[in-house]
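>>> below: sequence and its predicted model.
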Amino acid sequence: MKIIGPDALLFGVDDLEACTQYLTDYGLTPVGDGRFEAMDGTAIVIAAKDDTSLPADMGNGCQLRKTLYGVADEATLNAIAEELGKDREVSRLVDGSIESVDDMGFTLGFQLTIRRDYEAPAEVVHSPGSNAPKRELNELGVDPSVKITPRSLSHLVYFVPDGDKAEAFYRDRLGFRVTDRLVGAGPFMQPGGTQDHHTLFMIQAPEFMRGLEHFTFHFGGPTEVMLAGSRMVEKGYQSFWGPGRHQMGSNWFWYFNSPFGARMEMDADMDLHDEQWVAREIPISAEISQAFLFQYREKWIPGPGGGK
Ligand SMILES: [Fe+2]
């Protein structure tokens, strides 16, 4: 099954105005009908929590209503419909997508991916040594005023009450594989149509916490994460964790509290893996959760008096 990753997350939110402002400040592009897009067209879609067009909520305040996956081909869509149809209802919607539910009660959708190509420069660095500089001569490494747009919907993290059951569903029914495991928390999972280290992580948690823990988009590089995150702090949003760099996945990260009842992350430079990769299994600890971790502080200038 060539599932690429999430094309869109649908939310029924408590505060439409706050969520609209938040997603705009995060850098996504509002395109109408509650849809906020990254460069490749992947998106967050929001509606009021009492909007009857949304799938049912989970009854516990979780605002995520649907995880809509993009798949590479019609054969994958049909294979998913056939597999899930063995033991649960699978609906075919008017837009051609299919809708069903996972073993934890999360509503899932699958569609031919809407991800589109886009032109955007990669972040490159001048590294001393035999490697030639990669930026052009006289090309600057940082522009504090640059417009930053997230590039692609990256991954999401669920709190699940039965980690083994949840993992088995995605592995055995949808063809995800485990790329790494934080023992005591859960598995990083990669579907069959991407090389990203993970598009799904699941954390074992008590039943009352069942829901979305965080979600994130890929940014163009670590400098974009640092700049975009700094702008969020300066706008008054509360940093939750970061900036830093994870060990599993190697992604740079910065997490912020959000009005979605879940954290929203910014990430960059995640590892890519193929089937040659052997999953690591490491007990969860602060040491393994990141390679390094920093904390934002206000800009200042050094000076003879110690700076101001
Ligand atoms: Fe993450």
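Nice, thanks for sending it over. Numbering: from 1, shown residues only.
>>> ok, now how distant is S239 from R151?
Taken as C-beta to C-beta, to the nearest Å, the spacing of S239 relative to R151 amounts to 21 Å. For glycine as for every other residue, the C-beta is placed from the backbone atoms N, C-alpha and C.
>>> more neighbours, these two?
Just comparing S239 and R151: by other C-beta atoms under 10 Å the higher neighbour count belongs to R151, 20 against 16.
>>> just the local confidence number for the more buried one, please.
Each residue has a pLDDT score; the one for R151 is 98.
>>> which parts of stretch 57-65 are buried?
For stretch 57-65, the buried set under the neighbour-count rule, 16 or more other C-beta atoms under 10 Å, comprises D57, M58, C62, Q63, L64, R65.
>>> typo on my end, stretch 163-182
Counting neighbours by 16+ other C-beta under 10 Å, one finds that the buried residues in stretch 163-182 are 163, 166-167, 169-170, 173-182.
>>> out of the residues you listed, which are inside strands?
Taking DSSP state E as the definition of strands, those contribute R177, V178, T179, D180, R181, L182.
>>> hang on, the earlier thing: tell me which two of the buried residues of stretch 163-182 sit farthest apart.
In those, two members sit farther apart than any others by C-beta to C-beta. They are R173 and L182, at 22.5 Å.
>>> how near is V225 to P206?
31 Å.
>>> ugh, typo on my part, it should be A166
For A166 relative to P206 (C-beta to C-beta), the value is 14 Å.
>>> got it, and Y255?
Shown here: Y255 relative to P206, a distance of 21 Å by C-beta to C-beta.
>>> neighbour count winner among those two?
Set side by side, Y255 and P206 show unequal neighbour counts under other C-beta under 10 Å, the larger going to Y255 at 21 against 8.
>>> now that one. Its backbone dihedrals?
phi -110, psi 140 (degrees, to the nearest 10).
>>> so what's it bridging to?
With DSSP bridges as the criterion, the beta-bridge partners of Y255 are W241, E265.
>>> any stretches of this structure with poor pLDDT?
Low-confidence segments of the chain (pLDDT under 70): 133, 305-308.
>>> off-centre distance for the longest helix seen in the chain?
As assigned by DSSP state H, the longest helix anywhere in the chain is helix 222-234. Distance of helix 222-234 from its chain centroid, counting by C-alpha atoms, centre = their mean, to the nearest Å, is 17 Å.
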